[in-house]
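Undergrad: Predicted model and sequence below, questions to follow.
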Amino acid sequence: MKKQSENAALSHLSDAQIYWKLFWTTLMLSVSTFGGGFVIIGMMKQKFVQQLGWLEDDEMLDMTAIAQSSPGALGVNIAIVVGYRIKKFWGAVVCTLGAVIPPLVIISIISVFYNQFKDNTYIAIALQVMRAGVAAVICDVIIDLAGGVLRTKSLLWIGMMCAAFFATAVFNVSAIVIILVCGAIGLLNVLAEERKEASK
Amino acid sequence: MIYLELFWAFFQIGLFSFGGGYAAVPLIQHQIVETNHWLEMSQFADLITIAEMTPGPIAVNSATFVGQQIAGLPGAVICTLGCILPSFVIVLALSWLYVKYRSLKTIQGVLTGLRPAVVAMIASAGLSLLLLALFNASLFTVRLSDFRIIEALLFVFCLFLLRKTKIGPIPIIFGSGLVGTLIYVLMGK
């Protein structure tokens, strides 16, 4: 079932079109990722799930967990998983290029006339106010995602979401610890369910 | 051979920077200021400022900056490659496992448990960004007197557009920068 719905969104495109779309999308997202890796995840979800229909909500969350479990920059890692998921190895290569070329070009240019850039009042103001737009983008995504968890109506998942939120926001617990603990709870939960079914 | 040294230094940064973002800063500092003396501490501080002001991950930004300073454009490319190669290999391996085994029931269980956690981590990053935008502060340094009304209105307006129209995130981000700057300039601040 799932396989077919994926093909529907991708089947009318040639390989070259898909590679180009992957490259261009990650490039544009990378250009506008002010505010760190989680912003790019939100924007990728918007683009690949809502607009293009190439991925599903849950997949995006799974892939975020993968990107977070690996070393390196979140924004690059998520591009690699998404690329691999859609077009295997070369998809990953294309998306990595898309994610890396913008910072490479921008920093190369800025490092030449850094002093003018740093002291420009308008640039400073723009960067400050742009945070409001960035915050709106990520809040929009959080509303969708948290809504999805609430709709499971499962006390376990909702409780885990709240606990994990306090652990990161207030107590600064590292992502790896949270991923390990929540993954373990998920595993125990599915094993318990299987046992319950087996005993019926 | 300077290219090899650059590559190796950033390969290590890429391999050991778990947690992303600012978690990588001490690691980068150790490699390029303390171990290899490619930058002075003041230049390093400038580098962090630039990385903050531009899009892109801090590790990739510093790789490009250092490579450019030490060995020009080829240096920038080599440092960037070194920095992303470890994550490329590891992420690819995990993705392969994910695509292959994600339909297994136990893996489904683990992934289901991870989803609320990932949502929580995104929400936590969102809260930090929101506080930074509206108060220019973090959770423990927020003061109500720092409230920025222009940014707050801009935030509400952007969120409204995102929820109620089909405008995508990229125009929203750049549009907020443009409109906000215009407001500040017109108000003569």
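TA: Received, thanks. Residues are numbered from 1 along each chain as shown, chains lettered A, B, ... in the order given.

Undergrad: Could I get the contacting residues of the residue nearest the centre of chain A?
TA: For chain A, the residue nearest the mean C-alpha position is residue A:41 (2.4 Å; C-alpha atoms, centre = their mean). Contacts here follow C-beta atoms under 8 Å, 6 or more residues apart in numbering or on different chains; on that basis residue A:41 touches A:60, A:64, A:67, A:74, A:78, A:141, B:122. Yep, even glycine has a C-beta here, placed from its N, CA and C like the rest.

Undergrad: Quick check: the nearest residue to the third one once chain neighbours are set aside vs residue A:188, distance?
TA: By that I understand residue A:67. Leaving aside its chain neighbours, residue A:67 sits nearest to residue A:77 (3.7 Å; criterion: C-beta to C-beta, 6 or more residues apart in numbering or on different chains). Distance of residue A:77 to residue A:188, given as C-beta to C-beta, to the nearest Å: 27 Å.

Undergrad: Now do the same for the closest residue in space to residue A:24 that isn't next to it in sequence: its pLDDT.
TA: Closest residue in space to residue A:24, ignoring its immediate chain neighbours: residue A:98 at 7.1 Å, by C-beta to C-beta, 6+ apart. What the model reports as pLDDT for residue A:98 is 95.

Undergrad: Which of the three states applies to residue A:98?
TA: helix (DSSP: H, G, I helix; E, B strand; the rest coil).

Undergrad: how far away is it from residue B:78?
TA: 19 Å.

Undergrad: The helix or strand encompassing residue B:25 - contacts with which helices or strands?
TA: Using DSSP states H and E, residue B:25 sits in helix B:25-29. Secondary-structure packing of helix B:25-29 (3 or more C-beta pairs under 8 Å, 6 or more residues apart in numbering or on different chains; DSSP states H and E): helix B:2-16, helix B:58-101.

Undergrad: how much does the last one deviate in direction from helix B:2-16?
TA: Put plainly, it is helix B:58-101. 60 degrees (axes from the mean of the first three to the mean of the last three C-alpha atoms, to 10 degrees).

Undergrad: Show the contacting residues for the closest residue to chain A within chain B.
TA: Nearest residue of chain B to chain A (C-beta to the nearest C-beta) works out as residue B:113 at 1.8 Å. For residue B:113, the contacting residues are A:160, A:182, A:183, A:184, A:185, A:186, A:187, A:189, by C-beta under 8 Å, 6+ apart.

Undergrad: Over to residue B:151?
TA: A:128, A:129, A:131, A:132, B:133, B:134, B:180.

Undergrad: Not counting sequence-adjacent ones, nearest residue to it?
TA: residue A:132 is the one closest to residue B:151 (C-beta to C-beta, 6+ apart), at 4.3 Å.

Undergrad: and that neighbour, what helix or strand is that in?
TA: Going by DSSP H and E, residue A:132 is part of helix A:121-151.

Undergrad: what's that helix packed up against?
TA: When contacts are defined as 3+ C-beta pairs under 8 Å, 6+ apart, helix A:121-151 sits against helix A:37-44, helix A:57-69, helix A:155-169, helix B:105-135, helix B:149-164, helix B:169-186.

Undergrad: how much does it deviate in direction from helix B:149-164?
TA: Going by the same axes, to 10 degrees, helix A:121-151 makes 50 degrees with helix B:149-164.

Undergrad: Figure out how far helix A:121-151 is from the centre of its chain.
TA: Between the centre of helix A:121-151 and the centre of its chain there are 14 Å (C-alpha atoms, centre = their mean, to the nearest Å).

Undergrad: Let me see the mean pLDDT of it.
TA: For helix A:121-151, mean pLDDT rounds to 89.

Undergrad: any idea which element the closest residue to chain B within chain A lies in?
TA: Ranked by C-beta to the nearest C-beta, the top residue of chain A for proximity to chain B is residue A:186, at 1.8 Å. In the assignment (DSSP H and E), residue A:186 maps to helix A:175-199.

Undergrad: can you list the domains in chain B?
TA: B:2-101, B:102-142, B:148-189 (automatic domain parsing).

Undergrad: possible to save those domains as JSON lines with mean pLDDT?
TA: Output for these, formatted as JSON lines (pLDDT from 0 to 100):
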{"stretch": "domain B:2-101", "mean pLDDT": "87"}
{"stretch": "domain B:102-142", "mean pLDDT": "87"}
{"stretch": "domain B:148-189", "mean pLDDT": "90"}
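
Undergrad: measure the closest residue to residue B:148 other than its chain neighbours to residue A:91 for me?
TA: Closest residue to residue B:148 apart from its sequence neighbours, by C-beta to C-beta, 6+ apart: residue B:134 at 5.8 Å. Using C-beta to C-beta, one obtains 38 Å as the distance from residue B:134 to residue A:91.
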